[in-house]
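[1] Compute the structure for the input listed below.
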Amino acid sequence: MDALLISALVALACILVATLPLALRGRAKETLERDIAWRDELPAVLRAARPLVRWYASSVDAGLAIAKREIIQSQLNAAGAAYLITPAEFVVIRRVACVLALLIALYIVFVLEVRDGLYLVLAGGLVPFGYMYPDIWLRDARKKRHCRFEKEFPFFLDVVVLGMKAGLTFGAAVEQAVEQLRGGPVRDEFSRFLRETRTGITRRAALDRLAARVLIPAVTNFTASVTQAEETGGSLGEVLADQARQRRQERFVRAEKLANQAPVKMLFPLIALLFPITFIIIGFPIVIQLVESGALELF
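    Presented below is the predicted three-dimensional model:
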(Lines give C-alpha, C1' and ligand atoms only; values in the text may rest on other atoms or scores of the structure.)
Protein backbone atom coordinates (compact mmCIF):
# COMPACT_ATOMS: atom_id res chain seq x y z
CA MET A 1 0.00 0.00 0.00
CA ASP A 2 2.83 2.39 0.85
CA ALA A 3 4.56 1.64 -2.44
CA LEU A 4 1.34 2.28 -4.35
CA LEU A 5 0.80 5.58 -2.53
CA ILE A 6 4.35 6.76 -3.18
CA SER A 7 4.03 5.81 -6.86
CA ALA A 8 0.80 7.80 -7.11
CA LEU A 9 2.40 10.84 -5.45
CA VAL A 10 5.44 10.70 -7.75
CA ALA A 11 3.19 10.38 -10.81
CA LEU A 12 1.01 13.28 -9.62
CA ALA A 13 4.05 15.49 -9.04
CA CYS A 14 5.38 14.72 -12.52
CA ILE A 15 2.00 15.53 -14.08
CA LEU A 16 1.81 18.84 -12.20
CA VAL A 17 5.34 19.80 -13.20
CA ALA A 18 4.57 18.93 -16.83
CA THR A 19 1.18 20.66 -17.10
CA LEU A 20 1.49 23.70 -14.85
CA PRO A 21 3.72 25.64 -17.29
CA LEU A 22 1.08 25.13 -19.98
CA ALA A 23 -1.65 26.34 -17.65
CA LEU A 24 0.33 29.43 -16.73
CA ARG A 25 1.50 30.19 -20.28
CA GLY A 26 -1.52 32.25 -21.28
CA ARG A 27 -1.75 34.08 -17.98
CA ALA A 28 1.91 35.02 -17.87
CA LYS A 29 2.57 35.43 -21.59
CA GLU A 30 2.55 39.23 -21.67
CA THR A 31 4.64 39.55 -18.51
CA LEU A 32 7.13 36.97 -19.73
CA GLU A 33 7.55 38.65 -23.11
CA ARG A 34 8.48 41.88 -21.36
CA ASP A 35 10.71 40.07 -18.91
CA ILE A 36 12.72 37.91 -21.35
CA ALA A 37 13.31 40.60 -23.98
CA TRP A 38 16.75 41.34 -22.52
CA ARG A 39 17.72 37.72 -21.82
CA ASP A 40 19.80 35.14 -23.62
CA GLU A 41 17.92 32.18 -25.04
CA LEU A 42 17.56 29.19 -22.74
CA PRO A 43 17.72 25.53 -23.83
CA ALA A 44 14.39 24.10 -25.00
CA VAL A 45 13.83 22.04 -21.83
CA LEU A 46 14.33 25.00 -19.50
CA ARG A 47 12.40 27.31 -21.82
CA ALA A 48 9.30 25.12 -21.43
CA ALA A 49 9.48 25.44 -17.63
CA ARG A 50 10.08 29.22 -17.63
CA PRO A 51 6.43 30.17 -16.82
CA LEU A 52 6.45 27.93 -13.74
CA VAL A 53 9.85 29.15 -12.56
CA ARG A 54 8.95 32.80 -13.16
CA TRP A 55 5.62 32.45 -11.35
CA TYR A 56 7.30 30.89 -8.31
CA ALA A 57 10.22 33.33 -8.45
CA SER A 58 7.87 36.31 -8.18
CA SER A 59 6.93 35.21 -4.65
CA VAL A 60 10.50 34.26 -3.74
CA ASP A 61 11.88 37.60 -4.94
CA ALA A 62 9.97 39.61 -2.33
CA GLY A 63 11.47 37.66 0.58
CA LEU A 64 15.02 37.42 -0.75
CA ALA A 65 17.47 39.36 1.41
CA ILE A 66 19.43 42.11 -0.32
CA ALA A 67 22.81 40.71 0.76
CA LYS A 68 21.92 37.23 -0.47
CA ARG A 69 20.60 38.65 -3.73
CA GLU A 70 23.84 40.53 -4.33
CA ILE A 71 25.93 37.41 -3.63
CA ILE A 72 23.93 35.29 -6.08
CA GLN A 73 23.96 38.06 -8.68
CA SER A 74 27.73 38.34 -8.36
CA GLN A 75 28.07 34.58 -8.88
CA LEU A 76 25.78 34.70 -11.92
CA ASN A 77 27.80 37.58 -13.39
CA ALA A 78 31.07 35.71 -12.90
CA ALA A 79 29.61 32.58 -14.53
CA GLY A 80 28.21 34.53 -17.49
CA ALA A 81 24.62 33.62 -16.56
CA ALA A 82 23.38 37.08 -15.62
CA TYR A 83 21.27 37.27 -18.80
CA LEU A 84 19.90 33.75 -18.36
CA ILE A 85 18.33 33.75 -14.90
CA THR A 86 17.75 36.11 -11.99
CA PRO A 87 18.81 35.47 -8.37
CA ALA A 88 15.22 34.60 -7.41
CA GLU A 89 14.97 32.12 -10.27
CA PHE A 90 18.24 30.53 -9.17
CA VAL A 91 16.79 30.02 -5.68
CA VAL A 92 13.71 28.43 -7.28
CA ILE A 93 15.89 26.10 -9.37
CA ARG A 94 17.75 25.10 -6.22
CA ARG A 95 14.50 24.22 -4.44
CA VAL A 96 13.05 22.37 -7.43
CA ALA A 97 16.23 20.30 -7.71
CA CYS A 98 15.94 19.45 -4.01
CA VAL A 99 12.29 18.34 -4.41
CA LEU A 100 13.12 16.21 -7.46
CA ALA A 101 15.97 14.56 -5.56
CA LEU A 102 13.58 13.85 -2.67
CA LEU A 103 11.06 12.22 -5.04
CA ILE A 104 13.80 10.05 -6.52
CA ALA A 105 14.93 9.01 -3.02
CA LEU A 106 11.35 8.11 -2.03
CA TYR A 107 10.93 6.13 -5.23
CA ILE A 108 14.11 4.16 -4.54
CA VAL A 109 13.19 3.39 -0.93
CA PHE A 110 9.44 2.69 -1.15
CA VAL A 111 8.73 1.67 -4.75
CA LEU A 112 11.90 -0.26 -5.53
CA GLU A 113 11.93 -1.43 -1.88
CA VAL A 114 15.67 -1.04 -1.50
CA ARG A 115 16.59 -1.82 2.10
CA ASP A 116 20.36 -2.21 1.85
CA GLY A 117 22.18 0.13 4.23
CA LEU A 118 24.57 1.55 1.65
CA TYR A 119 21.78 2.30 -0.82
CA LEU A 120 19.71 3.92 1.91
CA VAL A 121 22.62 6.21 2.74
CA LEU A 122 23.02 7.07 -0.94
CA ALA A 123 19.28 7.73 -1.27
CA GLY A 124 19.39 10.00 1.78
CA GLY A 125 22.33 11.87 0.27
CA LEU A 126 20.35 12.66 -2.88
CA VAL A 127 18.39 15.43 -1.15
CA PRO A 128 21.36 17.60 -0.04
CA PHE A 129 23.07 16.82 -3.36
CA GLY A 130 20.00 18.02 -5.27
CA TYR A 131 19.96 21.23 -3.24
CA MET A 132 23.67 21.87 -3.80
CA TYR A 133 23.83 20.79 -7.45
CA PRO A 134 22.87 24.22 -8.91
CA ASP A 135 25.66 25.81 -6.86
CA ILE A 136 28.10 23.12 -8.02
CA TRP A 137 27.10 23.75 -11.64
CA LEU A 138 27.44 27.52 -11.18
CA ARG A 139 30.89 27.19 -9.60
CA ASP A 140 32.04 24.88 -12.39
CA ALA A 141 30.74 27.28 -15.05
CA ARG A 142 32.52 30.16 -13.32
CA LYS A 143 35.84 28.28 -13.25
CA LYS A 144 35.59 27.35 -16.93
CA ARG A 145 34.73 30.92 -17.86
CA HIS A 146 37.61 32.32 -15.82
CA CYS A 147 40.07 29.91 -17.46
CA ARG A 148 38.89 30.88 -20.92
CA PHE A 149 38.95 34.59 -20.05
CA GLU A 150 42.53 34.38 -18.76
CA LYS A 151 43.53 32.49 -21.90
CA GLU A 152 42.03 35.05 -24.33
CA PHE A 153 42.79 38.24 -22.39
CA PRO A 154 46.49 38.64 -23.40
CA PHE A 155 45.61 38.41 -27.11
CA PHE A 156 42.87 41.00 -26.60
CA LEU A 157 45.34 43.39 -24.95
CA ASP A 158 47.83 42.89 -27.80
CA VAL A 159 45.18 43.88 -30.35
CA VAL A 160 44.23 46.95 -28.28
CA VAL A 161 47.89 48.00 -28.08
CA LEU A 162 48.33 47.59 -31.85
CA GLY A 163 45.23 49.69 -32.44
CA MET A 164 46.44 52.49 -30.18
CA LYS A 165 49.88 52.45 -31.83
CA ALA A 166 48.07 52.86 -35.15
CA GLY A 167 46.47 56.07 -33.86
CA LEU A 168 43.13 54.85 -32.52
CA THR A 169 41.67 56.04 -29.25
CA PHE A 170 41.23 53.60 -26.38
CA GLY A 171 37.52 53.14 -27.07
CA ALA A 172 38.06 52.63 -30.80
CA ALA A 173 40.92 50.20 -30.15
CA VAL A 174 38.75 48.18 -27.76
CA GLU A 175 35.95 48.10 -30.33
CA GLN A 176 38.39 46.94 -33.01
CA ALA A 177 39.73 44.21 -30.70
CA VAL A 178 36.20 43.03 -29.88
CA GLU A 179 35.47 42.66 -33.60
CA GLN A 180 38.60 40.54 -34.04
CA LEU A 181 37.68 38.09 -31.28
CA ARG A 182 35.47 35.06 -31.66
CA GLY A 183 32.56 34.53 -29.32
CA GLY A 184 33.70 34.13 -25.74
CA PRO A 185 33.74 35.76 -22.30
CA VAL A 186 36.28 38.46 -23.26
CA ARG A 187 34.22 39.56 -26.23
CA ASP A 188 30.97 39.43 -24.25
CA GLU A 189 32.27 41.49 -21.32
CA PHE A 190 33.99 44.17 -23.39
CA SER A 191 30.99 44.40 -25.72
CA ARG A 192 28.95 45.16 -22.63
CA PHE A 193 31.61 47.68 -21.56
CA LEU A 194 31.25 49.45 -24.93
CA ARG A 195 27.44 49.47 -24.69
CA GLU A 196 27.62 51.04 -21.24
CA THR A 197 30.00 53.80 -22.38
CA ARG A 198 27.70 54.58 -25.33
CA THR A 199 24.72 55.00 -23.02
CA GLY A 200 26.44 57.78 -21.08
CA ILE A 201 28.23 55.85 -18.32
CA THR A 202 31.73 57.15 -17.72
CA ARG A 203 34.66 54.99 -18.74
CA ARG A 204 35.85 54.67 -15.16
CA ALA A 205 32.43 53.50 -13.93
CA ALA A 206 32.14 51.04 -16.83
CA LEU A 207 35.60 49.64 -16.04
CA ASP A 208 34.67 49.28 -12.36
CA ARG A 209 31.53 47.39 -13.35
CA LEU A 210 33.59 45.18 -15.64
CA ALA A 211 35.98 44.26 -12.83
CA ALA A 212 33.07 43.62 -10.43
CA ARG A 213 31.39 41.30 -12.93
CA VAL A 214 34.40 39.25 -13.96
CA LEU A 215 36.10 38.89 -10.54
CA ILE A 216 39.53 38.06 -11.99
CA PRO A 217 42.66 39.70 -10.49
CA ALA A 218 44.15 40.33 -13.94
CA VAL A 219 41.09 42.33 -15.01
CA THR A 220 41.02 44.24 -11.72
CA ASN A 221 44.69 45.14 -12.23
CA PHE A 222 43.97 46.16 -15.83
CA THR A 223 41.06 48.45 -14.92
CA ALA A 224 43.03 50.03 -12.06
CA SER A 225 46.01 50.70 -14.35
CA VAL A 226 43.83 52.31 -17.04
CA THR A 227 42.06 54.48 -14.48
CA GLN A 228 45.35 55.55 -12.88
CA ALA A 229 46.88 56.40 -16.28
CA GLU A 230 43.90 58.59 -17.13
CA GLU A 231 44.00 60.38 -13.77
CA THR A 232 47.77 61.02 -13.82
CA GLY A 233 48.02 61.79 -17.53
CA GLY A 234 50.34 58.86 -18.22
CA SER A 235 50.74 57.14 -21.56
CA LEU A 236 47.85 54.73 -21.87
CA GLY A 237 49.54 52.85 -24.70
CA GLU A 238 52.61 52.07 -22.59
CA VAL A 239 50.42 51.00 -19.66
CA LEU A 240 48.48 48.61 -21.89
CA ALA A 241 51.70 47.24 -23.40
CA ASP A 242 53.01 46.53 -19.89
CA GLN A 243 49.70 44.89 -19.02
CA ALA A 244 49.88 42.67 -22.13
CA ARG A 245 53.43 41.56 -21.26
CA GLN A 246 52.47 40.84 -17.68
CA ARG A 247 49.40 38.83 -18.73
CA ARG A 248 51.49 36.73 -21.13
CA GLN A 249 54.02 36.02 -18.38
CA GLU A 250 51.24 35.04 -15.99
CA ARG A 251 49.77 32.69 -18.59
CA PHE A 252 53.18 31.07 -19.10
CA VAL A 253 53.70 30.65 -15.35
CA ARG A 254 50.20 29.19 -15.00
CA ALA A 255 50.84 26.69 -17.81
CA GLU A 256 54.19 25.73 -16.26
CA LYS A 257 52.50 25.20 -12.90
CA LEU A 258 49.86 22.93 -14.43
CA ALA A 259 52.56 20.96 -16.24
CA ASN A 260 54.43 20.43 -12.95
CA GLN A 261 51.23 19.29 -11.23
CA ALA A 262 50.43 16.68 -13.90
CA PRO A 263 52.85 13.96 -12.62
CA VAL A 264 51.50 14.35 -9.07
CA LYS A 265 47.90 14.03 -10.28
CA MET A 266 48.80 10.93 -12.30
CA LEU A 267 50.36 9.23 -9.28
CA PHE A 268 47.11 8.11 -7.65
CA PRO A 269 45.58 6.55 -10.83
CA LEU A 270 48.86 4.72 -11.40
CA ILE A 271 48.94 3.33 -7.86
CA ALA A 272 45.22 2.56 -7.64
CA LEU A 273 44.61 1.19 -11.15
CA LEU A 274 47.67 0.45 -13.24
CA PHE A 275 50.01 -1.13 -10.66
CA PRO A 276 47.48 -3.70 -9.31
CA ILE A 277 46.62 -4.81 -12.85
CA THR A 278 50.32 -5.12 -13.67
CA PHE A 279 50.93 -7.24 -10.56
CA ILE A 280 47.96 -9.47 -11.44
CA ILE A 281 49.21 -9.98 -15.00
CA ILE A 282 52.70 -10.85 -13.77
CA GLY A 283 51.68 -12.86 -10.71
CA PHE A 284 48.74 -14.90 -12.08
CA PRO A 285 50.84 -17.24 -14.31
CA ILE A 286 53.31 -17.73 -11.45
CA VAL A 287 50.52 -18.70 -9.03
CA ILE A 288 49.03 -21.12 -11.60
CA GLN A 289 52.41 -22.81 -12.07
CA LEU A 290 52.87 -23.11 -8.30
CA VAL A 291 49.42 -24.67 -7.92
CA GLU A 292 49.98 -27.17 -10.74
CA SER A 293 53.41 -28.16 -9.44
CA GLY A 294 52.14 -28.60 -5.89
CA ALA A 295 54.63 -26.11 -4.50
CA LEU A 296 51.90 -24.37 -2.49
CA GLU A 297 51.41 -27.52 -0.40
CA LEU A 298 54.80 -26.88 1.18
CA PHE A 299 53.50 -23.70 2.83
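[2] What ranges does the stretch 151-299 of the chain have for its helices?
    Applying DSSP state H, counting those that start in this stretch to the stretch 151-299 of the chain gives helices spanning 170-180, 185-198, 203-214, 217-232, 236-269, 275-293.
[3] Now do the contacts for V214.
    By CB atoms under 8 Å, 6 or more residues apart in numbering, V214 lies in contact with N77, A78, H146, F149, P185, E189. For the C-beta atoms, the positions are set from N, CA and C on the backbone; glycine is no exception.
[4] next one: T223
    Neighbours of T223 in contact, by CB under 8 Å, 6+ apart: L207, D208, L210, A211.
[5] domains of the chain?
    2-143, 147-252 (automatic domain parsing).
[6] For L138, see how far away Q73 is.
    Remark: distance between Q73 and L138 (CB to CB, to the nearest Å) = 12 Å.
[7] Look at those two and report which has more neighbours.
    Neighbour comparison, Q73 and L138: the larger count goes to L138, with 20 against 15 (by other CB atoms under 10 Å).
[8] For that one, pull up the helix or strand it's in.
    In the assignment (DSSP states H and E), L138 maps to helix 117-165.
[9] before we move on, the earlier item: among the contacts of T223, name the buried ones.
    Buried members of those, scored by 16 or more other CB atoms under 10 Å, are L207, D208, L210, A211.
[10] Would you mind listing the residues in contact with the third one?
    Listed by CB under 8 Å, 6+ apart, the contact partners of L210 are E189, F190, R192, F193, V219, T223.
[11] Quick one: these as a markdown table, columns for pLDDT and distance to K68 too.
    Formatted as a markdown table, the contacts of L210 follow (pLDDT from 0 to 100; distance: CB to CB, whole Å):
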| residue | pLDDT | distance to K68 |
| --- | --- | --- |
| E189 | 91 | 24 |
| F190 | 93 | 29 |
| R192 | 90 | 24 |
| F193 | 92 | 27 |
| V219 | 91 | 25 |
| T223 | 91 | 26 |
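[12] And for R187, nearest residue in space, chain neighbours not counted?
    Nearest in space to R187, with sequence neighbours left out and distances taken as CB to CB, 6 or more residues apart in numbering, is L181 at 4.3 Å.
[13] how close does the one you found get to F190?
    From L181 to F190 the distance is 8 Å (CB to CB).
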